[in-house]
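Engineer: Output the structure for:
(one chain, ligands or ions: 2)
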Amino acid sequence: MYHLAKGLYFHVTSKEEYSVLLLGLDNAGKTTLLEKVKSIYLPNAPPPPKEGGTIPTVGQNVSIIPLTSPTIYLKLWDIGGQSTLRSLWKSYYSSAHAIVFVIDSTDVPRIENEVIEVLKEVVEHEETEGVPVLVLANKQDREESLEIAQLKEAVNPIVVKLGARDSRVLPVSALEGTGVKEAVEWLKTRVMWNKESRPPTMR
Ligand SMILES: Nc1nc2c(ncn2[C@@H]2O[C@H](COP(=O)(O)OP(=O)(O)OP(=O)(O)O)[C@@H](O)[C@H]2O)c(=O)[nH]1
Ligand SMILES: [Mg+2]
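Structural biologist: Ligands and ions are numbered 1, 2, ... in the order given. Okay, here's the model as predicted:
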């Protein structure tokens, strides 16, 4: 009886948890984004970093973000983007429910060369098949950042090929927070739509 009651209690109180990977080249703004999301959604989070207030991530940062209506959790994995660390990304793919690919919109030379190649490798990897992909054109607060239309021109040939998979390109400023809530809302709806093929874990 105790086990039955405990099971029922768990069933009623447990909530869906979805893992979201924050990927992108070094200096794209992944850690800044994670800290901004925490400052918006977690009541006791420290203030987010100011410009230049982060250090390159070696390894990972992880935070669990509670969302409401319905209550679910997003587990955000911020993973180091330096080229020597990128080989570690694939060990996270099989448990990912969504991928956020963050781009520094001011770094035009790397967008033309490195970024597109790296994005392609991520979305074409067999273990990310069917996983929703959100591309964030970050640093929109900076004057020299590429227009979203220009960035889409570069990114769309890759993303469009994804076929049935959900994907979107959104402009954000992780520093100022512009577009961050929209990005989180997009993720929330897409991971839930996709839960038949990638079921959440319960917590
Ligand atoms: N102006 C501006 N600067 C930003 C923005 N997002 C991040 N930055 C700056 O870009 C630099 C790198 O940011 P990080 O968040 O550390 O980048 P990262 O993607 O985590 O880098 P790695 O950990 O090396 O993979 C820092 O100086 C940030 O302050 C933004 O939206 N606008
Ligand atoms: Mg980082």
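Engineer: from here on, contacts and neighbour counts on C-alpha atoms
Structural biologist: OK.
Engineer: Kindly list the single helix or strand of this protein that scores lowest on mean pLDDT.
Structural biologist: The weakest-scoring helix or strand in the chain, judged by mean pLDDT, DSSP states H and E, is helix 2-13 (a mean of 71).
Engineer: Contacts for the helix or strand following that helix, please.
Structural biologist: Downstream of helix 2-13, the first helix or strand assigned by DSSP states H and E is strand 16-23. Strand 16-23 is contacted from outside by 30, 71-81, 89, 92, 95-102, 191, 200-203, using Cα atoms under 8 Å, 6 or more residues apart in numbering.
Engineer: Same check on stretch 173-180?
Structural biologist: Outside stretch 173-180, the residues within contact range by Cα under 8 Å, 6+ apart are 29, 32-33, 36-37, 49-51, 138-141, 170-172.
Engineer: For those, which PyMOL command selects only the ones that are buried?
Structural biologist: Only the buried entries of the contacts of stretch 173-180 go into this PyMOL selection, using 16 or more other Cα atoms under 10 Å:
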select buried, resi 29+32+33+36+37+49+138+139+140+141+170+171+172
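Engineer: nearest to E126, of the contacts of stretch 173-180?
Structural biologist: In terms of Cα to Cα, no member of these lies closer to E126 than L170, at 24.6 Å.
Engineer: And the pLDDT at that closest one?
Structural biologist: Per-residue pLDDT puts L170 at 96.
Engineer: does the closest residue in space to it that isn't next to it in sequence sit in a helix or strand, and which one?
Structural biologist: With Cα to Cα, 6 or more residues apart in numbering as the measure, L136 is the residue that lies nearest to L170, at 5.1 Å, once sequence neighbours are left out. Take DSSP H and E as the rule and L136 turns out to sit in strand 133-138.
Engineer: Direction included, what does that strand pair against?
Structural biologist: Sheet pairing of strand 133-138 (DSSP bridges) gives strand 98-104 (parallel), strand 167-171 (parallel).
Engineer: could you say what helices and strands the helix or strand just after it packs with?
Structural biologist: Downstream of strand 133-138, the first helix or strand assigned by DSSP H and E is helix 148-159. Judged by 3 or more Cα pairs under 8 Å, 6 or more residues apart in numbering; DSSP states H and E, helix 148-159 is in contact with helix 116-124, strand 167-171.
Engineer: What are the contacting residues of helix 148-159?
Structural biologist: Applying Cα under 8 Å, 6+ apart, the contact partners of helix 148-159 are 105, 112, 116, 120, 137, 167, 169-171.
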